[in-house]
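Enquirer: Sequence first, predicted coordinates after that:
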Protein chains: 2
Amino acid sequence: MNDEKMVNAITSMDEDFAKWYTDIVKKADLCDYSSVRGCMILRPYGYAIWELIQQDLDRRFKETGHENVYMPMFIPESLLQKEKDHVEGFAPEVAWVTHGGSEKLQERICVRPTSETLFCDHYKNIVQSYRDLPKLYNQWCSVCRWEKTTRPFLRTLEFLWQEGHTAHATAEEAEEETVRMMNVYADFLKEFLAIPVVKGRKTEKEKFAGAMATYTLESLMHDGKALQAGTSHNFGDGFAKAFGIQYTDKNNKLQYVHQTSWGMTTRLIGALIMVHSDNNGLVLPPKAAPVQTIIIPVMQRKAGVLEKAEEIRERLSKVCRVKADGSDKSPGWKYAEQEMKGIPLRLEIGPRDIEKNQCVIVCRLGRVKQIVSLDDIEKVVPELLEKMQNDLYEKALAHKEAHTFDASNMEEFDKQLKENPGFINAMWCGDEECENKIKELTGATSRCMPFEQKHISDNCVCCGKPAKVMVSWGKAY
Amino acid sequence: MNDEKMVNAITSMDEDFAKWYTDIVKKADLCDYSSVRGCMILRPYGYAIWELIQQDLDRRFKETGHENVYMPMFIPESLLQKEKDHVEGFAPEVAWVTHGGSEKLQERICVRPTSETLFCDHYKNIVQSYRDLPKLYNQWCSVCRWEKTTRPFLRTLEFLWQEGHTAHATAEEAEEETVRMMNVYADFLKEFLAIPVVKGRKTEKEKFAGAMATYTLESLMHDGKALQAGTSHNFGDGFAKAFGIQYTDKNNKLQYVHQTSWGMTTRLIGALIMVHSDNNGLVLPPKAAPVQTIIIPVMQRKAGVLEKAEEIRERLSKVCRVKADGSDKSPGWKYAEQEMKGIPLRLEIGPRDIEKNQCVIVCRLGRVKQIVSLDDIEKVVPELLEKMQNDLYEKALAHKEAHTFDASNMEEFDKQLKENPGFINAMWCGDEECENKIKELTGATSRCMPFEQKHISDNCVCCGKPAKVMVSWGKAY
């Protein structure tokens, strides 16, 4: 494959956003399709990004007192049915196991779409006294939802995720935990993935099946569509009552526990693509980049070039994740590959650079090029990585702000969404009928009721009745 | 719960080994039963051990050039059937998904029992040229085998594992990889889990379904039964031919790839229990211990005791995984818990110790007690942990050697296995009939043909015909 072919192979995002997205997914070797409908293969490069995400999130979970566990991947039908809203939400989209080997099962079991029911079943056994609370558990696993149409990372039959499940003595503690984890997610998105979000509460219609309240983090993609990056649910004592999870309090009285759950998935990799990447390929925030610096030797057959590249690699390995590419491919091909794979920095080193004790460093963001003395690389490279991490966040924040609009009537609402899509802030009466009607008219759904409220008008943007709350609306993935 | 109750609750291993095992599993909070037949819940303490195992193995895999990927959890029936021996081996024990939501699937899919077929399907797509080889992939996931009878960690319907899958240009490279990974496993078992093994090759009867050769690591439990701790398979080009995985070599000729696979599972935690633990509970090699040192304050209500415990914890956190238990439980209860959970060291600190600037350190292995100056703890604690790690290995090695016997006739064989079970080394003619007959007569199976061969007698221990090889036999988990 020559340089041209690799670069030309990406569709421009202005021409066809969906095709641009799948081109990057394939060309950056993030994932591949499998023989199983709707299931994807996470290739080494894609999985390495997921491993970095896992490490950072896992550290944040452990720092806030959570422990990892592992629950079965199967849920008996009777267990799934214990909480009414929950089963209604999930039963239509589960995979059913009916046979083990050649035997038909007495009761069919589903592959977990989420594990509330399993955690509840376990909590019922291990929680007896107030001394056993809180239980702050998390698990890393895959889940399965039988979707009709699928897209890599964004919507697949099976996906990888983490699901936190906690049980608390009081409603207050459960609410605190729900908010705490929403903020852990928001910090992670900002600091690690460089993705700004709108924090808010889901409406009744959009909340999780079985939850009392769902808090969400909504991010904005290049094309003006929203993507739910993570959610944190407060269950109150609903599941506890359905499953009979009770503890004896300090006064020896039986009480129900209060529960939460929260999750993030591999769809974050989809968000990374659609928030940061460009027409040359993937752009990765340095913290989420499996390789942060690639060293590309120029005229590598000349004496000393490969040795110098290796010496630089060795030195930089102490300050970042670095690789040197001494393969037979041409420098041009290697440059194109660095851009396609979103490697934050490339360091070019050739005979003339060596003579001058310098190298050329090109940043993936804006292809900014600079000449750096070889004496300074251990200092400059981390600085450039940090700068790129911050710049990406600022860029994404500016994009989100430039695509957030107020609308005080449906005409403005609809026009804005058609001409320059993004988040539309508009007042709402609280009635689900208006929510449905707005979706019907514009295709936008209520993303959340932002915690940062603003008074845009007195009346509901849809029906004109007195408004209760500002909602952030948008078309969503 | 008082001290007595916790300690008395374990059955002695001499009285009932199986009960002793499950008592430890439950009382050390490693796992719990679930509502799903044969599936277990890995509780925080059990899962933390698995995380340490994962980290160490993963590092070894990456150091030997392997990359992690993630394949779908489902396999379409037609894909499973592509390699004849493989499907015969696994089809009887898979879980079949027949419905997605309310719709019946056109083709049923099984939950992966192992992923050779998925990797082959992927390799077929991504391997074209010799430049694409080798592919050195690994995945961490759960798999499902529909077992009739199950035991925590040892045999469960679902279990966690890693499965390495590699593709190579030549038969020699595949053989090298198979041996390399067997040795990576052996080093890990020795250095990290302190478990000695017999390395060898499985007989035709015992090898993996679809493999040309299976290498195995056989460990010996307290009760003289063997446990297969890991296996490494050489597939030759059998799967490549069944799936059509071909590449163009340097001479532009089409060639089939040569493949391997290798795996280790959560059953290693079962091995940890049955190799190291005792009648007071779990014993963990320090490297696999989530908490390596527990600090137990004595007379903790006296001024300064809790503060000193916290100061020591802070200091020791730089050299080991440490916790301080300042809870209301009595010191006796805390000592019993440390023993039950197999925490390698406990450090007792009370008012008198503080006066003398010392503490008491008790090692889980042999309950060896020593007084240590508080000035020296950062030096002594790591030394004690290292000593315990080594002592555990030596102890297990001595047990394995004391329970490995030679037999030159079936009378000796049978008598030994009845009186003092362990590995029985005996000569074999290579005939599967003898293998079956030995199992019928004694209950022992061929564990492996050890690489370290010895000449015990000229003739097969069973039929008396000329012997080809020494086999290590034993009853197995």
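Expert: Looks like it came in fine. Numbering: from 1, shown residues only, chains lettered A, B, ... in the order given.

Enquirer: Find the least confident helix or strand in chain A, judged by mean pLDDT.
Expert: helix A:3-8 (a mean of 52; mean pLDDT, DSSP states H and E).

Enquirer: what's the next secondary structure element after it?
Expert: helix A:17-27 (DSSP states H and E).

Enquirer: List the buried residues in that following helix.
Expert: A:17, A:20, A:21, A:23, A:24, A:25, A:26, A:27 (16 or more other CB atoms under 10 Å in any protein chain shown). Glycine gets a C-beta too; all of them are placed from N, C-alpha and C.

Enquirer: And stretch A:197-209, by the same measure?
Expert: Buried residues in stretch A:197-209 (16+ other CB under 10 Å): A:197, A:198, A:199, A:200, A:201, A:202, A:203, A:206, A:207, A:208, A:209.

Enquirer: Give me the subset of those residues lying in helices.
Expert: The helices, defined by DSSP state H, take in nothing from the buried residues of stretch A:197-209.

Enquirer: Now do the closest residue to chain B within the stretch 201-350 of chain A against residue B:161, distance only.
Expert: Minimum separation of the stretch 201-350 of chain A from chain B (CB to the nearest CB) falls at residue A:266, amounting to 8.7 Å. Distance of residue A:266 to residue B:161, computed by CB to CB, to the nearest Å: 21 Å.

Enquirer: Neighbour count for the two, which is higher?
Expert: Applying other CB atoms under 10 Å in any protein chain shown to residue A:266 and residue B:161 shows that residue A:266 carries more neighbours, namely 24 against 17.

Enquirer: before we move on, the earlier item: any chance of the buried residues of helix A:17-27 in JSON lines, with distance to chain B and pLDDT too?
Expert: Formatted as JSON lines, the buried residues of helix A:17-27 follow (distance: CB to the nearest CB, whole Å; pLDDT from 0 to 100):
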{"residue": "A:17", "distance to chain B": "26", "pLDDT": "97"}
{"residue": "A:20", "distance to chain B": "22", "pLDDT": "97"}
{"residue": "A:21", "distance to chain B": "20", "pLDDT": "98"}
{"residue": "A:23", "distance to chain B": "17", "pLDDT": "96"}
{"residue": "A:24", "distance to chain B": "18", "pLDDT": "97"}
{"residue": "A:25", "distance to chain B": "14", "pLDDT": "97"}
{"residue": "A:26", "distance to chain B": "11", "pLDDT": "95"}
{"residue": "A:27", "distance to chain B": "13", "pLDDT": "96"}
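
Enquirer: closest to residue B:292 among the residues you listed?
Expert: Residue B:292 has its nearest neighbour among these in residue A:25, at 43.0 Å by CB to CB.

Enquirer: Ignoring the adjacent residues along the chain, who's closest to that closest one?
Expert: residue A:152 (4.7 Å; CB to CB, 6 or more residues apart in numbering or on different chains).

Enquirer: Quick one: residues contacting the one you found.
Expert: Contacts of residue A:152 were listed using CB atoms under 8 Å, 6 or more residues apart in numbering or on different chains, and they are A:22, A:25, A:30, A:31, A:33, A:40, A:270.

Enquirer: what about the helices in the stretch 151-300 of chain A?
Expert: A:171-191, A:238-243, A:267-276 (DSSP state H, counting those that start in this stretch).

Enquirer: Pick the most deeply packed of the ones you listed.
Expert: helix A:267-276 (a mean of 24; mean count of other CB atoms under 10 Å in any protein chain shown).

Enquirer: and that helix, how far out from the chain's middle?
Expert: 7 Å (CA atoms, centre = their mean, to the nearest Å).

Enquirer: which helices and strands sit right next to it?
Expert: Helix A:267-276 is packed against helix A:17-27, helix A:44-63, strand A:213-220, strand A:226-236, helix A:377-402, with contacts defined by 3 or more CB pairs under 8 Å, 6 or more residues apart in numbering or on different chains; DSSP states H and E.

Enquirer: Please list the residues outside it that contact it.
Expert: Contacts of helix A:267-276 (CB under 8 Å, 6+ apart): A:21, A:24-25, A:30, A:46, A:49-50, A:53, A:151-155, A:159, A:193-195, A:219-223, A:227, A:229, A:282-285, A:288, A:342, A:392, A:395-396, A:477.

Enquirer: what's the answer for stretch A:357-374, then?
Expert: A:283-284, A:312, A:335, A:338-339, A:342-349, A:353, A:375, A:377, A:380-381, A:384, A:388, A:391-392, A:395.

Enquirer: And it, what's buried?
Expert: A:358, A:359, A:360, A:361, A:362, A:363, A:364, A:365, A:372, A:374.

Enquirer: Quickly name whichever of the residues you listed is closest to chain B.
Expert: Closest approach to chain B among those (CB to the nearest CB): residue A:364, at 22.0 Å.

Enquirer: that older thread, let me have the helices of the stretch 151-300 of chain A in a markdown table, extended by mean pLDDT.
Expert: Converted to a markdown table, the helices of the stretch 151-300 of chain A look like this (pLDDT from 0 to 100):
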| stretch | mean pLDDT |
| --- | --- |
| helix A:171-191 | 98 |
| helix A:238-243 | 96 |
| helix A:267-276 | 98 |
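
Enquirer: Turn these into a markdown table, columns for distance to residue A:145.
Expert: Listed next are the helices of the stretch 151-300 of chain A as a markdown table, based on distance: least, CB to CB, whole Å:
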| stretch | distance to residue A:145 |
| --- | --- |
| helix A:171-191 | 21 |
| helix A:238-243 | 20 |
| helix A:267-276 | 12 |
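
Enquirer: want to throw the helices and strands packed on helix A:267-276 into a markdown table with distance to residue B:259?
Expert: Converted to a markdown table, these look like this (distance: least, CB to CB, whole Å):
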| stretch | distance to residue B:259 |
| --- | --- |
| helix A:17-27 | 25 |
| helix A:44-63 | 17 |
| strand A:213-220 | 41 |
| strand A:226-236 | 39 |
| helix A:377-402 | 38 |
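
Enquirer: Does residue A:192 touch residue A:288 like I think?
Expert: Yes - with contact defined as CB atoms under 8 Å, residue A:192 counts as touching residue A:288 (6.3 Å).

Enquirer: of the two, who's got more company?
Expert: Taking other CB under 10 Å, residue A:192 and residue A:288 do not tie; residue A:288 has more neighbours (23 against 20).
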